[in-house]
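1. what would the 3D arrangement of this be:
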Amino acid sequence: MGPRCIAKLGRDQHLLIRLGMNSRALLGLVAVLALLVAACAPATAGSAANVPVMASAGPAIVTLGSSVYVRVDYSLTDFGLRPGDLRASLWVPGGYDSEIGDVSSQFGLVDLRVADDWRFSLVNVRAQRRTVAGSGAFDANRTEYSLLAVYRVDAPAGAVPGPYRFRAELRARGAGAQSVTINVDARPGATP
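-> Numbers count the residues shown, from 1 in each chain. I've put the predicted structure just below:
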């Protein structure tokens, strides 16, 4: 590099120092910003309990050696429950005119029918209550309740790729039960 380039670099370095930053701090800031942007990226559907695949969308795709989370929606009447039967310890906002409460302690998964070396489990059951506006001048607002159950399917690494079906019964303590069928399509993972 000639003296002109060094002088130019010197001026840029001087500008960074004048701004109260050096090149290491600038690189650190860029790294932190890159991590923040990556953390804001949406998760793949089915990869975590808070972004499950809807069972009604068809077979959930699972890579051998990994897990998939699947959601099934129910009404309270499916279990013979009334709104007063729900014992959520805390209701949190869940969207516009909606609240969600964890009622997992009131439910259990029984009579599991699972392929060898696979795992099928209940992750959580949440109750959702929504306020629905009336449609006319004399129609009052009403509250609707629904149940959202999330299941986890763990695929063993050595399983044969293809379709699998998991069955069980979701039972509400002190109330009714519903049969559960989860279909998955197992696919081989990426090879190194």
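2. poorly predicted segments of this structure, please.
-> Across the chain, the ranges flagged by pLDDT under 70 are 1-49, 137, 190-192.
3. if we go to 80?
-> Regions of the chain meeting the criterion pLDDT under 80 cover residues 1-51, 134-139, 189-192.
4. pretty sure Ser98 sits against Arg130.
-> Yes. If you go by C-beta atoms under 8 Å, Ser98 and Arg130 touch, sitting 4.6 Å apart. No exception for glycine: its C-beta is placed from N, CA and C like everyone else's.
5. shouldn't Leu147 be within a strand?
-> Yes. Assigned with DSSP: H, G, I helix; E, B strand; the rest coil, Leu147 falls within a strand.
6. I figured Ile182 was touching Leu170, is that so?
-> No. Contact criterion C-beta under 8 Å: Ile182 and Leu170 do not qualify, at 11.0 Å.
7. would you map the helices across this protein?
-> 3-18, 23-39 (DSSP state H).
8. which residues touch Ala149?
-> 71-74, 107, 122, 124-125, 170, 180 (C-beta atoms under 8 Å, 6 or more residues apart in numbering).
9. so what pairs up with it in the strands?
-> Beta bridges link Ala149 to Val72, Val125, judged by DSSP bridges.
10. so it versus Gln106, what's the distance?
-> 11 Å (C-beta to C-beta, to the nearest Å).
11. anything in contact with each of the two?
-> Val125.
12. for Leu76, which non-adjacent residue is spatially closest?
-> Nearest residue to Leu76, sequence neighbours excluded (C-beta to C-beta, 6 or more residues apart in numbering): Tyr145, at 5.2 Å.
13. pretty sure that neighbour contacts Pro83?
-> Yes. Counting by C-beta under 8 Å, Tyr145 does reach Pro83; the two are 5.2 Å apart.
14. residues that sit against both of these two, list them.
-> Between them, Tyr145 and Pro83 have 76, 129 as joint contacts when contacts are counted by C-beta under 8 Å, 6+ apart.
15. more neighbours, the two?
-> Counting neighbours by other C-beta atoms under 10 Å for Tyr145 and for Pro83 shows that Tyr145 has the greater number, 16 against 11.
16. what about Asp78, neighbour count?
-> The local packing of Asp78 (other C-beta under 10 Å) involves 16 other residues.
17. how about it, nearest residue that isn't a chain neighbour?
-> Closest residue to Asp78 in three dimensions, ignoring its sequence neighbours and counting by C-beta to C-beta, 6+ apart: Gln178, at 5.2 Å.
18. ok, what's across the strand from the one you found?
-> Under DSSP bridges, the beta-bridge partners of Gln178 are Leu170.
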